[in-house]
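**Q** Predicted model and sequence follow; I will ask about them next.
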Amino acid sequence: MTNDSEHNVGKITKNIFYIATAAFLWSLLLMWTWNTVAMEVFDLPKVQFKHTFLVAINLVVLLFFRTVSSRNRRHFKS
C-alpha cells in the first residue's frame, strides 16, 4: 500500500515539475516574442519576465480547472 502512495507522489511531483518548466520556457518565449515584435512593429512598451510568467501561470490554472470541470461533467452525465 505504501508503495502505491509513494508512486503517486512521485508522479505528481514529476508532473508539477514538467508544468513549472513548461510555464517558465513559455514565459521566456512570450517575453522574447513580445519584446521583439510588439516593440518594433507596434511601438508598444517592453514587458518584464514577471508579467509573462504570471500570464503563463494563469493560463495553466485556467486550463487545469477547465479540464477538471469537463471531466466532472462527463462523469455525471453517465
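**A** Right, received. Where do you want to start?
**Q** Find the centremost residue of this protein, please.
**A** When C-alpha atoms, centre = their mean is applied to the chain, the residue found nearest the centroid is Val60 (3.2 Å).
**Q** What's the biggest helix in the chain, counting residues?
**A** In the chain, taking DSSP state H as the definition, the longest helix is helix 2-33.
**Q** in that one, what's buried?
**A** 23, 26-27, 30-31 (16 or more other C-beta atoms under 10 Å). Bear in mind the C-beta positions are built from the backbone N, C-alpha and C, glycine included.
**Q** tell me the mean pLDDT over stretch 11-28?
**A** The pLDDT scores in stretch 11-28 average 90.
**Q** Show me the contact partners of it.
**A** 49, 52-53, 55-57, 60 (C-beta atoms under 8 Å, 6 or more residues apart in numbering).
**Q** where does this structure dip in pLDDT?
**A** 1-3, 72-78 (pLDDT under 70).
**Q** if we can go back for a sec, among the contacts of stretch 11-28, which ones are buried?
**A** 52-53, 55-56.
**Q** In CSV, list the buried residues of helix 2-33 along with distance to Val9.
**A** Output for the buried residues of helix 2-33, formatted as CSV (distance: C-beta to C-beta, whole Å):
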residue, distance to Val9
Ala23, 21
Trp26, 26
Ser27, 27
Leu30, 31
Met31, 33
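**Q** Just the closest of those to Arg71, please.
**A** Nearest to Arg71 among the buried residues of helix 2-33: Ala23, at 21.5 Å, using C-beta to C-beta.
**Q** Not counting sequence-adjacent ones, nearest residue to the closest one?
**A** In space, and not counting its chain neighbours, Ala23 is closest to Ala56: 4.2 Å by C-beta to C-beta, 6 or more residues apart in numbering.
**Q** what's near enough to touch the one you found?
**A** Neighbouring residues of Ala56 by C-beta under 8 Å, 6+ apart: 23-24, 26-27, 30.
**Q** quick one: it from Gly10, how far?
**A** Distance, Ala56 to Gly10, using C-beta to C-beta, to the nearest Å: 25 Å.
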